[in-house]
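> have a look; sequence and predicted model below, questions after that.
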Amino acid sequence: MSEATPRERILVVDDEADIVALVVYHLAKEGYRVSSASSGTDALETARRERPALIVLDLMLPGLSGFDVLEQLRADAATAGIAVLMLTARKEEPDRIKGLSLGADDYLTKPFSPQELVLRVRAILRRSAAASAAGDLLTIGALAIDRAAHTVTVRGREVELTPTEFKLLLLLAERRGRVQGRAQLLEHVWEAAPDIQTRTVDMHVQRLRAKLESAGDLIETVRGFGYRLHPPRDT
């Protein structure tokens, strides 16, 4: 029995007709309502018009690249909350990291298993539904995180964060009180192999603390393990 509901619409963006047909077939078989676009410009127009729950987005597109499309989706309040699964033939780590840092929710390389794609789509939508059920606003002391708007404020003042910094802070906040190892953070925020560039986590935490100013003290270093976000000491 399908886990999809009639309200879940997915937009498939790829300029290869056979790939589009394959993806559309398997997603429709699961009960999703599926539409498609073959260029970046068409993808943006369709996303703004249909507001899909998720976009399967190829990187190599005519005109606007998938990176360009993703950046514009995240910059527009009307489409910023749409989940994105990147689909590409590129296997290079820098492309993968770039896409995730721009705000992609997951990354799948070609050739791919249709069953794996369906499972990843299902997992992304499940996470999105769980976040919505938990409520959009998460408040810890002077720190307020709006999941839907992707904004962070400290004592009412908005703090400008990159998509990766936002994901890092949100993960620490949602798991507050629990220590998160560097390898865990790399895996869940960057979706990178846990033995690669663990220093990246430290650099991002340092920048995040600086941007949060006084609220940066909520993020503590647990020597030899990683980081933990704790509630204010006086609460």
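Okay, I see it. Numbers count the residues shown, from 1 in each chain.
> quick check: can you list the domain ranges of the chain?
Residue ranges of the domains in the chain are recorded as 9-133, 137-229, according to automatic domain parsing.
> for M203, which three-state class applies?
The three-state assignment at M203 reads helix, by DSSP: H, G, I helix; E, B strand; the rest coil.
> look up how far A80 lies from it.
Here M203 is placed at a distance of 25 Å from A80 (CB to CB, to the nearest Å). All C-beta spots, glycine's among them, are computed from the backbone N, C-alpha and C.
> can I get the domains of the chain in TSV including mean pLDDT and mean neighbour count?
Shown next, in TSV, are the domains of the chain (pLDDT from 0 to 100; neighbours: other CB atoms under 10 Å):
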stretch	mean pLDDT	mean neighbour count
domain 9-133	86	18
domain 137-229	85	16
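> helices of the protein, residue ranges please.
17-29, 40-50, 66-75, 93-101, 114-133, 163-174, 182-185, 199-212 (DSSP state H).
> which among those helices is found nearest to I140?
helix 163-174 (6.0 Å; CB to CB).
> so what's the gap between that closest one and the chain middle?
Counting by CA atoms, centre = their mean, to the nearest Å, helix 163-174 is centred 10 Å from the centre of its parent chain.
> what does stretch 19-39 give?
With CA atoms, centre = their mean, you get 21 Å for stretch 19-39.
> and for stretch 41-51?
19 Å.
> among the helices of the chain, which is nearest V152?
helix 163-174 (6.5 Å).
> tell me the angle of that closest one relative to helix 199-212?
Helix 163-174 runs at 80 degrees relative to helix 199-212, counting by axes from the mean of the first three to the mean of the last three CA atoms, to 10 degrees.
> helix 66-75 and helix 163-174, what's the angle between them?
Relative orientation of helix 163-174 and helix 66-75, computed by the same axes, to 10 degrees: 50 degrees.
> packing partners for helix 163-174?
helix 93-101, strand 137-140, strand 143-146, helix 199-212, strand 226-229 (3 or more CB pairs under 8 Å, 6 or more residues apart in numbering; DSSP states H and E).
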